[in-house]
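> quick check, what structure comes out for this input:
(one chain, ligands or ions: 1)
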Amino acid sequence: MKDLLIFDMDGVLVEVTESYRATIQATVKHFTGDEPSRVEIQDWKNRGGWNDDWLLSHRMILERGGKVEYQTVVDHFQKLFLGDGTNGMILREQWVAREGLFERLKDSHDLAVFTGRLREEAYLTLNRFAPGLFGLVVGSDDVSKPKPDPEGIHKIRSIVEHRACWYVGDTIDDARSAKAAGVPFVGIAAPANPRYGELVDILRGEGAVAVLDDINTLEAVVAKGSAQ
Ligand SMILES: [Mg+2]
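Presented below is the predicted three-dimensional model:
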């Protein structure tokens, strides 16, 4: 039996500044004429409860006085994000892990994903960068309650037999989900994040056992085997 590493996806496995966050900006601009800054988006994320980019886009539109149905916003967001398969924002994502990281980790760890994405959308990216690497992927359509609820973590832990377990994420909702599940949390805060210092403080304040710039230094944290 191995230790178990559960990863959030966006901002952890993949860099999404040019994909999801740019899609939020473009969607809000489309319906209001006013483009939110990346700082404004990060401020919403840091507040907690805004893990869902569709809900966040709709909220930011309403705040700007836009009057548009939620589903209309979702449809436009998805059109920009997925495109026709050759031109969507999703293609701007960048895989964060350097060559060899997961090859080494998987010798001693089972690897899983708990993401706020729809499972199918998670696989679009995983199949592109790391096919077959993650044994179990739990998406937003696999749980009845989204993060910060711990349901997805519980689900993975009930399916994959394991010894120690960690959850690796980049938002306050990820940290709260891990805490509610009773699993040690490793925070990711990219130095390029417009609210870097605040995010580090938030993740530490929620009990992160470590806060890393990115997952490439994760081995030092999870090799200790101290978690339960
Ligand atoms: Mg994330």
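> residues contacting the closest residue to A210 other than its chain neighbours?
In space, A210 comes closest to V221 once its chain neighbours are excluded; the distance is 4.7 Å by C-beta to C-beta, 6 or more residues apart in numbering. C-betas here are computed from N, CA, C, even on glycine. Each residue near V221 by C-beta atoms under 8 Å, 6 or more residues apart in numbering is listed here: 166, 186, 209-210, 212.
> ok, S108 next?
Contacts of S108 (C-beta under 8 Å, 6+ apart): 2-3, 223.
> which parts of this structure are helices?
Using DSSP state H, the helices of the chain run over residues 20-32, 38-47, 53-63, 70-82, 101-108, 119-129, 151-159, 172-181, 196-205, 219-222.
> packing partners for the first one?
For helix 20-32, the helices and strands in contact under the criterion 3 or more C-beta pairs under 8 Å, 6 or more residues apart in numbering; DSSP states H and E are helix 38-47, helix 53-63, helix 70-82.
> number of residues surrounding the residue nearest to I24 when sequence neighbours are not counted?
Closest residue to I24 apart from its sequence neighbours, by C-beta to C-beta, 6+ apart: S57 at 5.2 Å. Residues near S57, counting by other C-beta atoms under 10 Å, number 25.
> show me what contacts S57?
24, 27-28, 73, 77 are the contacts of S57 under C-beta under 8 Å, 6+ apart.
> spell out which residues of the chain are next to the ion.
Neighbours of the ion within the chain, by C-beta under 5 Å from the ion: 8, 10-11, 170.
> follow-up on the earlier one: can you tell me which of the contacts of S108 are buried?
Those of those that meet the buried threshold are 2-3, by 16 or more other C-beta atoms under 10 Å.
> where in the chain is pLDDT low?
224-228 (pLDDT under 70).
> domain ranges for this structure?
3-15+95-222, 20-92 (automatic domain parsing).
> tell me which of those domains sits most buried.
Mean neighbours per residue, mean count of other C-beta atoms under 10 Å, is largest over these for domain 3-15+95-222, with a mean of 19.
> that one: end-to-end distance?
9 Å (C-alpha to C-alpha, to the nearest Å).
> what about that domain, distance to the chain center?
Domain 3-15+95-222 sits 7 Å away from the centroid of its parent chain (C-alpha atoms, centre = their mean, to the nearest Å).
> surely Y167 and I153 touch.
Yes - applying C-beta atoms under 8 Å as the test, Y167 and I153 come out as touching, 5.9 Å apart.
> so what sits against both of the two?
Counting by C-beta under 8 Å, 6+ apart, the residues touching both Y167 and I153 are 6, 114, 177-178, 181, 183.
> which strand residues bridge the nearest residue to F129 once chain neighbours are set aside?
What sits nearest to F129 in space, not counting adjacent residues and going by C-beta to C-beta, 6+ apart, is W95, at 4.1 Å. Per DSSP bridges, the residues bridged to W95 are V14.
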